[in-house]
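Trainee: Need a 3D model of the sequence below.
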Amino acid sequence: MKTLAQEEIAELTALRHDLHREPDLSGEEGPTAARIADELTTLGADRVWQGLGGHGVAAEFRGSGDGPTVLFRCELDGLPIHEISALPYRSRIDGKGHLCGHDGHMVTLLGVGRMLARRPARGRVILLFQPAEETGAGAAAVIADPRWPEIRPDYAFAYHNVPGRPLGEIGLRAGPGNCASRGMQLRLTGRSSHAAAPEDGVSPAAAMAGLMAELPALSEGTIGDAEFALATLTHARLGEPSFGIAPGEGELRVTLRAMTNERMDTLMAEAERHVAGANGALDVALSWHDVFRAVVNDEDATGIAGRAATRLGHSPLEMALPMRWSEDFGRFGDDGAKAALLYVGAGEDHPQLHNPDYDFPDALTPIMAALFDAILRDLLGDADAG
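Mentor: Residues are numbered from 1 along each chain as shown. Take a look at the predicted model:
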């Protein structure tokens with residue numbers, strides 16, 4: 001079994017802290033991507049692609065014989081959240097922070113890259129550093145890149161750390177693993193008027209009030225049900241803060257969430273019917289944002305990850321329920337790979353993802369680098385084993 005040396009773990013931890021200090025938001029990952037590309041070149045990757053789907057970076061490590069392509073994916077982007085911590089490596093950029101653990105996911109893959117100095121017996125390994133995961137745009141952009149056919153994997157694996165679960169616990173779930181979600185933005189435009197004569201204008205107030213009640217009422221079921229759906233009102237604005245103006249415009253934002261892509265389609269149709277019914281004399285512009293496909297974990301790939309974890313001494317948790325939060329990894333399964341996302345405990349008392357005081361637990365780096373290395377050796381063999 002190959003593991004990272006203590007010196008390597010210390011170096012990766014220091015690199016993770018450097019990345020944490022300088023977070024880049026979705027679509028702005030150029031500096032982080034350049035740092036990652038330099039690291040991959042230093043590791044002796046056989047090929048490095050840059051600018052994939054924006055700022056994505058991928059590296060290829062080839063075995064000596066023909067075989068499948070196994071991809072491990074992480075994320076480059078941080079979040080537009082102000083970090084609140086006393087960490088010596090806290091974010092230097094006000095209003096931006098690695099508060100989801102993508103900095104840790106990146107150094108995990110770099111740890112795998114260090115282990116790939118010993119190439120597999122066959123096939124090839126791709127380490128993918130994906131842009132724009134937080135907005136749901138990155139995976140689709142990478143797959144749409146004209147160079148993607150050179151990279152396209154047979155198997156794809158990734159992990160996300162999960163606060164609230166024991167540190168290092170390996171959670172697995174074949175089938176639906178993360179919900180589909182998307183943001184619904186409504187801009188309602190009428191005509192403002194003097195507050196003393198509201199009848200002379202067209203106010204969106206009544207339509208907005210109706211939709212603020214009707215859209216969340218589309219929610220049904222509980223997570224795990226095939227018909228599970230959740231509509232969450234996240235933002236509402238009506239006119240300007242004034243006592244003299246009857247409003248003439250407003251905005252609503254609602255996040256739709258569903259267990260499956262098919263249920264998302266029906267939920268969207270239901271939401272659009274309510275919007276059409278509230279139109280009246282208003283001009284209503286509807287747009288969709290932050291579109292995430294459901295993550296559906298392949299049974300074969302999930303089993304491979306589970307067996308590798310068991311051989312390393314873990315006791316994998318077979319998760320009874322999927323996650324309500326979304327992840328951009330689902331598109332790799334849609335693209336034809338046997339894909340599995342692993343859900344790895346970050347500590348039972350650890351701050352939650354996207355909290356302003358969240359920080360990735362560095363203890364996960366050697367655990368997950370070793371697990372990914374075990375997965376790739378199982379699939380591609382070990383040249384050193386003869």
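Trainee: Is Ser287 located within a helix, as I assumed?
Mentor: No. Read with DSSP: H, G, I helix; E, B strand; the rest coil, Ser287 is strand and lies in no helix.
Trainee: Look up which residues are beta-bridged to it.
Mentor: Gln185 (DSSP bridges).
Trainee: Please tell me how far it sits from Glu327.
Mentor: Distance from Ser287 to Glu327, counting by C-beta to C-beta, to the nearest Å: 22 Å. For the C-beta atoms, the positions are set from N, CA and C on the backbone; glycine is no exception.
Trainee: Which of the two has more residues huddled nearby?
Mentor: Glu327 (23 against 9; other C-beta atoms under 10 Å).
Trainee: Could I get the full set of helices for the stretch 201-350 of the chain?
Mentor: Secondary structure of the stretch 201-350 of the chain, counting by DSSP state H, counting those that start in this stretch: helices at 205-214, 261-277, 299-311, 330-334.
Trainee: Show me the strands in the stretch 151-300 of the chain, by range?
Mentor: 155-162, 170-172, 175-178, 180-189, 193-194, 229-238, 245-246, 249-258, 283-292, 295-297 (DSSP state E, counting those that start in this stretch).
Trainee: for the stretch 201-350 of the chain, which spans come out with low pLDDT?
Mentor: Counting by pLDDT under 70, not a single residue of the stretch 201-350 of the chain qualifies.
Trainee: Go again with 90.
Mentor: 226, 278-281 (pLDDT under 90).
Trainee: Over to the stretch 1-150 of the chain?
Mentor: The stretch 1-150 of the chain contains residues with pLDDT under 90 at 1-3.
Trainee: and if we set it to 80?
Mentor: Scanning the stretch 1-150 of the chain for pLDDT under 80 picks out 1-2.
Trainee: Tell me where it has helices.
Mentor: Using DSSP H, counting those that start in this stretch, helices in the stretch 1-150 of the chain cover 6-21, 30-42, 102-115, 138-144, 148-151.
Trainee: so which of those helices comes closest to Ile93?
Mentor: Ile93 sits nearest to helix 6-21 of all the helices of the stretch 1-150 of the chain, at 8.4 Å, using C-beta to C-beta.
Trainee: so which of the helices of the stretch 201-350 of the chain is the most packed in?
Mentor: Among these, helix 330-334 has the highest mean neighbour count (mean count of other C-beta atoms under 10 Å), at a mean of 22.
Trainee: out of the strands of the stretch 151-300 of the chain, which comes closest to Leu116?
Mentor: Leu116 lies closest to strand 155-162 among those, at 14.4 Å (C-beta to C-beta).
Trainee: Show me what that closest one is packed up against.
Mentor: Applying 3 or more C-beta pairs under 8 Å, 6 or more residues apart in numbering; DSSP states H and E, one finds that strand 155-162 contacts strand 65-75, helix 102-115, helix 299-311, strand 338-345, helix 364-380.
Trainee: what about 7 Å?
Mentor: When contacts are defined as 3 or more C-beta pairs under 7 Å, 6 or more residues apart in numbering; DSSP states H and E, strand 155-162 packs onto strand 65-75, helix 299-311, strand 338-345, helix 364-380.
Trainee: Distance to Ala197 for these - can I get that in CSV?
Mentor: As requested, the helices and strands packed on strand 155-162 are arranged in CSV below (distance: least, C-beta to C-beta, whole Å):
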stretch, distance to Ala197
strand 65-75, 53
helix 299-311, 64
strand 338-345, 57
helix 364-380, 63
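Trainee: Pick the most deeply packed of these.
Mentor: Compared across the helices and strands packed on strand 155-162, strand 338-345 shows the largest average neighbour count, a mean of 25 (mean count of other C-beta under 10 Å).
Trainee: Listing partners with orientation, what would you give for it?
Mentor: Strand 338-345 is paired, per DSSP bridges, with strand 155-162 (parallel), strand 170-172 (antiparallel).
Trainee: Next, the angle helix 299-311 makes with the first one.
Mentor: Compare the direction of strand 155-162 with that of helix 299-311 by axes from the mean of the first three to the mean of the last three C-alpha atoms, to 10 degrees and you get 60 degrees.
Trainee: can you give me how far strand 155-162 is from the chain middle?
Mentor: For strand 155-162, the separation from the chain centroid amounts to 10 Å (computed by C-alpha atoms, centre = their mean, to the nearest Å).
Trainee: Same question for stretch 205-215.
Mentor: Centre-to-centre, stretch 205-215 and its host chain are 31 Å apart (C-alpha atoms, centre = their mean).
Trainee: contacting residues around that stretch?
Mentor: 188, 231, 233, 236, 238, 247, 250, 252, 254, 271, 274-275, 278, 280, 282 (C-beta atoms under 7 Å, 6 or more residues apart in numbering).
Trainee: Show the end-to-end separation of stretch 131-151, please.
Mentor: Using C-alpha to C-alpha, to the nearest Å, one end of stretch 131-151 lies 16 Å from the other.
Trainee: Could you do stretch 53-69 as well?
Mentor: One end of stretch 53-69 to the other measures 20 Å (C-alpha to C-alpha).
Trainee: And it, what's buried?
Mentor: Judged by neighbour count using 16 or more other C-beta atoms under 10 Å, the buried positions of stretch 53-69 are 53-63, 67, 69.
Trainee: hey, what's Thr189 bridged with?
Mentor: As for beta bridges, Thr189 partners with Glu249, Asp283 under DSSP bridges.
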